[in-house]
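Give me coordinates for this.
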Amino acid sequence: MTDPVMENLSTLDLEEMARQMRAFQDLTRELDAIIDSSSDGLWICDAEARVIRINPASERINNIKASEVVGKNMRKLLDEGFIDRSAALEAITTKKVVSQLQNREGRKLISTGTPVLDANGEVIRVVVSERDITEIDNLQRELEEQEALRDQFRNHMLELQQADVASKSVVARSPLMVNALKQALKVSAVNSTVLILGESGVGKGLIAELIHKNSTRADKPLIEINCGAIPESLIESELFGYEKGAFTGAQTTGKPGYLELADGGILFLDEIAELPQSAQVKLLRFLENGKVIRLGGTKARHLDVRILAATHRNLDEMVRQGSFRLDLYYRLNVIPISVPALRERRDCILPLVRHYLELFGARDSIRKRITRAASDALLAYDYPGNVRQLMNVCERLVVMAETDLIDVKDLPAEISAGAGKPTAVAGVWQEDVPLQETLDQVEKAVLEKALAKHRNQMRMAEVLGVNQSTIARKLRKYKLINPN
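Residues are numbered from 1 along each chain as shown. I've put the predicted structure just below:
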């Protein structure tokens, strides 16, 4: 005889099982709908990297049918060349989320492998999502090209740069740099001595080359000598030459100096502040009469050499300290050209980054692009090493960045540390301050800095690209000089 209680319990168990089964089926349908409706491709693999399932988006992205890959191992698909890298295999190995950039039949995909771990920390499944970024990539490239095109029309001096400096990597977007280039092009036509001032790495050598290229001496040599790189004991013999037997170790035939080698052309004396006092005297004599006498010789040679000099040091201070001759300083400082530091010409930073990424990319047959976040970080950095430092950073990014898209994580630590911080331009604005008041504050700060550096209204006007009367009026406006 059947026990009614047991019969009733069995019925309840069956109903509960049926309810749970229906709930499980509903959940499965929901998951299937979510997976199949995703616009991102999804691959699901087991712990051995066998493909369990792919969704319709993956079929569309990869132009395949699920039946062609389900049941296959990702290692086999890799060997067959279906994929060039496997996020699933790397996620299984590392037990961490892995992102990869893949190229497949001319299209670019971002694949992210996410391992699913059991209670013991072992991989039981891997879910790989993939997104086709080809169109996004093309759109971003078009946007960058449009921005570059707009930059060309934003500053009329770019046309001057392209016409006169086509073979050199001189980028002028900021007024200070535009003014320096204007001065360089203007003095190219004359034979005056030029003193190029600026911090290390700003491009003083490029200014010297620009002057040479546009001068009447362009078909004659441009000889460059770094006065700080030659031992003090040799600087005179290298600069002025020597006769045979002039000193122990001298060549038996004698040797012409850099001044003789530059005859008819230009001698560029970089780091002129490092020139020893004895050599300063002889250089002054040459600037006065155009003649040199080799070490150990008695015959004066008349030379036609134009002198360009450059330094990152404060020659005024060196003159006061007695380490640089005042009369030589006056001879050299006929036409001074100040090359601004990179932090003073932030409008040039991103165009320079694009230029050097293309330059080093073309050299190594590598094409790299940069994200907005990385651009902002590069723009916010102060570059103590100036353009030379930026150039080295760009070469490093081209060579070392793992993907075609350079992001903040690829930047050097000293630059990426500033990511997300406001740039110097953004930092001047304060909430609830009207635009005109903000502009006045910036203008006053620029004038204060220029006045402290130059102490001369004519020089300030020249550097800032306005006339002297404008400088005088604005100095009075902000009470930076006596109104009388």
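
Buried residues in stretch 331-343, which are they?
Under the neighbour-count criterion of 16 or more other CB atoms under 10 Å, stretch 331-343 has 331, 332, 335, 337, 338, 339, 340, 341, 342 buried. Bear in mind the C-beta positions are built from the backbone N, C-alpha and C, glycine included.

Could you list the low-pLDDT ranges of this protein?
Applying pLDDT under 70 to the chain picks out residues 1-12, 26, 28, 135, 144-170, 245-253, 418-433, 482-484.

list the contacts for the residue most central in space within the chain?
The chain has residue 353 as the residue nearest its centroid, 3.6 Å off, counting by CA atoms, centre = their mean. Neighbouring residues of residue 353 by CB atoms under 8 Å, 6 or more residues apart in numbering: 370, 375, 378, 390, 394.

what do you get for residue 212?
Here residue 212 is in contact with 188, 218, 222, 265, 266, 268, 308 (CB under 8 Å, 6+ apart).

can you check residue 313 too?
Per CB under 8 Å, 6+ apart, neighbours of residue 313: residue 273.

sorry, back to before: against residue 390, how distant is the residue nearest to the centre of the chain?
7 Å (CB to CB, to the nearest Å).

likewise residue 415?
10 Å.

One more: residue 352?
6 Å.

Based on its surroundings, how many neighbours for residue 266?
Residue neighbour count, defined by other CB atoms under 10 Å, stands at 23 for residue 266.

Give me the buried subset of the contacts of residue 212.
188, 222, 265, 266, 268, 308.

what about the strands in the stretch 1-150 of the chain?
For the stretch 1-150 of the chain, the strands defined by DSSP state E, counting those that start in this stretch occupy 41-46, 51-54, 98-104, 107-117, 123-132.

Summarise which helices and strands the first one is packed against.
Taking 3 or more CB pairs under 8 Å, 6 or more residues apart in numbering; DSSP states H and E as the contact definition, the neighbouring helices and strands of strand 41-46 are strand 51-54, helix 56-62, helix 87-94, strand 123-132.

Let's see that with 7 Å instead.
Strand 41-46 sits against strand 51-54, helix 56-62, strand 123-132, with contacts defined as 3 or more CB pairs under 7 Å, 6 or more residues apart in numbering; DSSP states H and E.

cool, the longest one as well?
Packed against strand 107-117, as judged by 3+ CB pairs under 7 Å, 6+ apart, are the following elements: helix 87-94, strand 98-104, strand 123-132, helix 134-154.

need those in a markdown table with mean neighbour count, can you?
Converted to a markdown table, these look like this (neighbours: other CB atoms under 10 Å):
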| stretch | mean neighbour count |
| --- | --- |
| helix 87-94 | 21 |
| strand 98-104 | 16 |
| strand 123-132 | 20 |
| helix 134-154 | 12 |
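
Format these as a markdown table; extra columns: distance to residue 364.
A markdown table is the format used below for the helices and strands packed on strand 107-117 (distance: least, CB to CB, whole Å):
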| stretch | distance to residue 364 |
| --- | --- |
| helix 87-94 | 26 |
| strand 98-104 | 18 |
| strand 123-132 | 27 |
| helix 134-154 | 19 |
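
In strands, which of the contacts of residue 212 appear?
Counting by DSSP state E, those place 222, 266, 268, 308 in strands.

on that earlier part again, got the phi/psi numbers for the residue nearest to the centre of the chain?
Per-residue torsions, residue 353: phi -60, psi -50 (degrees, to the nearest 10).

now it: how far from residue 45?
40 Å.

next one: residue 331
From residue 331 over to residue 45 the distance is 77 Å, taken as CB to CB.

Check residue 360 too.
In terms of CB to CB, residue 360 sits 38 Å off from residue 45.

Also residue 176?
58 Å.

which of those two has more neighbours?
Taking other CB under 10 Å, residue 176 and residue 45 do not tie; residue 45 has more neighbours (28 against 18).

Quick check: beta-bridge partners of that one?
When bridges are called by DSSP bridges, residue 45 pairs up with residue 51, residue 126.

close enough to count as contact, residue 178 and residue 185?
No: counting by CB atoms under 7 Å, residue 178 stays clear of residue 185, with 10.7 Å between them.

one step back: adding secondary structure and distance to residue 291, write the buried residues of stretch 331-343 out as a markdown table.
Output for those, formatted as a markdown table (DSSP: H, G, I helix; E, B strand; the rest coil; distance: CB to CB, whole Å):
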| residue | secondary structure | distance to residue 291 |
| --- | --- | --- |
| 331 | helix | 15 |
| 332 | helix | 18 |
| 335 | strand | 23 |
| 337 | strand | 27 |
| 338 | strand | 31 |
| 339 | coil | 32 |
| 340 | coil | 37 |
| 341 | coil | 38 |
| 342 | helix | 41 |
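
Tell me the one among the residues you listed nearest to residue 76.
Nearest to residue 76 among those, counting by CB to CB, is residue 342 at 52.2 Å.

right, and that closest one touches residue 388 too?
No: using CB under 7 Å, residue 342 is not in contact with residue 388; the gap is 9.3 Å.

what ranges do the strands span in the stretch 351-484 of the chain?
369-370, 405-406.

which residues in the stretch 201-350 of the chain form strands?
Going by DSSP E, counting those that start in this stretch, the stretch 201-350 of the chain shows strands at 222-226, 266-270, 291-293, 300-302, 306-311, 335-338.

can I get these in CSV with distance to residue 140?
Listed next are these as CSV, based on distance: least, CB to CB, whole Å:
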stretch, distance to residue 140
strand 222-226, 41
strand 266-270, 41
strand 291-293, 58
strand 300-302, 61
strand 306-311, 40
strand 335-338, 37
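
How about residue 203, nearest residue that isn't a chain neighbour?
Of all residues not flanking residue 203 in the chain, residue 387 sits nearest, at 5.1 Å (CB to CB, 6 or more residues apart in numbering).
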